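> my questions concern the predicted model and sequence given below.
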Amino acid sequence: MMAQPGTVITLRGVSARYGSTVALSDVTAELPGARVTALVGHNGSGKSTLLGVLAGTHAPCGGAVDRSGVRRPALVLQRSAVSAALPMTALDAVTMGRWAHRGWWRRLTRHDRAVVRDCLERMGIAELAHKQLAELSGGQRQRVLIAQGLAQESDLLLLDEPAAGLDDAGRGRILQVLEQVKAQGVTVVHATHDAEAARHADHCLLLAEGRLLAQGRYEEVLPSGPDGHQAERLRSSDVVADSLVDSARQVPVTESAGHGARR
Ligand SMILES: Nc1ncnc2c1ncn2[C@@H]1O[C@H](COP(=O)(O)OP(=O)(O)OP(=O)(O)O)[C@@H](O)[C@H]1O
């Protein structure tokens, strides 16, 4: 398969497992560079695993991943995957994002400190900088994790449900930040259950039971029809996954949907 212009990452027939559990099966996809891609699908459909494969932290058991356009990925894990009991402040946690550049043993430069401050401000948590992680609410800790990912100034930013558990303002801020990062030429991939976030993305990959059902613009993988009632229902995270999966089963929307489809 020839990569499309602007493609930064190509997956060809990628499969991944945890022991005997198949988490990804024969996924073939192209991710556009300097764009936002949303991974959508039910719980357990393989979104986090795909992020791990893209980050290089989960080795596929089959297929090939070409990320030759990427120098250094940054992966922001789900909040639940990170202990809240770590004895460090929000500032410490975001500063760790600079280790990718500096190494933990080197002194931070003025630039490092400016980047850390900027990331705290962009996530609206500058005033929490000196609080211990354990003192923060779940949503505040989530923002700290995202700020840490931003501080890495990576060319590939991978985020696992960055808006989970955030209020409306927090979700809006994340969408804004992802757009800003994209404008700087960063390739962004995030797993989401949020219809609004998927709608904002330039590209969506729809997964079900480890297979790629469809890829394309949100409207292309969304059930057809400008029905307002339907649009309203899609605001619910569970319904969005249901509707996307059902519609992709009915309509083979893209060439690659056919490749990944089982049904
Ligand atoms: N550490 C693990 N050990 C064994 N199986 C796992 C592990 N992590 C995930 N799985 C399995 O791999 C499959 C894909 O899981 P994955 O976490 O990638 O899905 P997901 O789409 O990110 O789900 P969610 O929306 O709930 O975050 C599921 O069947 C899951 O049970």
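Nice, I can see it. Residues are numbered from 1 along each chain as shown.

> got a list of what D202 touches?
P32, R35, V36, T37, K182, R217 (CB atoms under 8 Å, 6 or more residues apart in numbering). Placement of C-beta: from N, CA and C, glycine included.

> is the fourth one in contact with C204, as I believe?
Yes. Counting by CB atoms under 8 Å, a contact exists between T37 and C204, whose distance comes to 7.0 Å.

> is G62 in contact with V22, as I believe?
No. With contacts counted by CB under 8 Å, G62 stays clear of V22, the gap being 10.0 Å.

> please list all residues in contact with R35.
Neighbouring residues of R35 by CB under 8 Å, 6+ apart: G6, K182, T187, V188, D202, H203.

> okay, and which of the residues you listed map to strands?
Within those, membership in strands is found for T187, V188, H203, as judged by DSSP state E.

> neighbour count winner among G62 and V22?
With other CB atoms under 10 Å as the criterion, G62 and V22 differ in neighbour count, and V22 comes out ahead with 17 against 14.

> the residue of the stretch 51-200 of the chain found nearest the ligand: how many residues sit nearby?
As assessed by CB to the nearest ligand atom, the ligand sits closest to A191 within the stretch 51-200 of the chain, at 5.8 Å. Close neighbours of A191, defined as other CB under 10 Å, add up to 25.

> now it: how far from L108?
The spacing between A191 and L108, counted by CB to CB, to the nearest Å, is 31 Å.

> any buried residues in the lengthiest helix in the chain, and which?
Ranked by number of residues, the top helix in the chain under DSSP state H is helix 168-183. With burial defined by 16 or more other CB atoms under 10 Å, the residues of helix 168-183 counted as buried are G170, R171, R173, I174, L175, V177, L178, V181, K182.

> the stretch 1-150 of the chain: strands as residue ranges?
Counting by DSSP state E, counting those that start in this stretch, the stretch 1-150 of the chain has these strands, from start to end: 7-18, 21-32, 36-40, 62-66, 73-76.

> and the first one, what's buried?
Counting neighbours by 16+ other CB under 10 Å, one finds that the buried residues in strand 7-18 are T7, V8, I9, T10, L11, R12, V14, S15, A16, R17.

> do the same with the second one
The neighbour-count criterion (16+ other CB under 10 Å) identifies V22, A23, L24, S25, D26, V27, T28, A29, E30, L31, P32 as the buried residues of strand 21-32.

> which of those residues sits closest to the ligand?
Distance from the ligand was checked for each of the buried residues of strand 21-32 by CB to the nearest ligand atom. The minimum falls on A23, at 3.5 Å.

> widest-spaced pair of the contacts of D202?
K182 and R217 (15.2 Å; CB to CB).

> now stretch 34-43: average pLDDT?
Mean pLDDT, taken over the full extent of stretch 34-43, equals 95.

> excluding covalently adjacent residues, which one is nearest to the most centrally placed residue in the chain?
With distances taken as CA atoms, centre = their mean, the chain has H190 as the residue nearest its mean C-alpha position (1.5 Å). On the basis of CB to CB, 6 or more residues apart in numbering, the spatially nearest residue to H190 that is not a chain neighbour turns out to be L159, at 4.1 Å.
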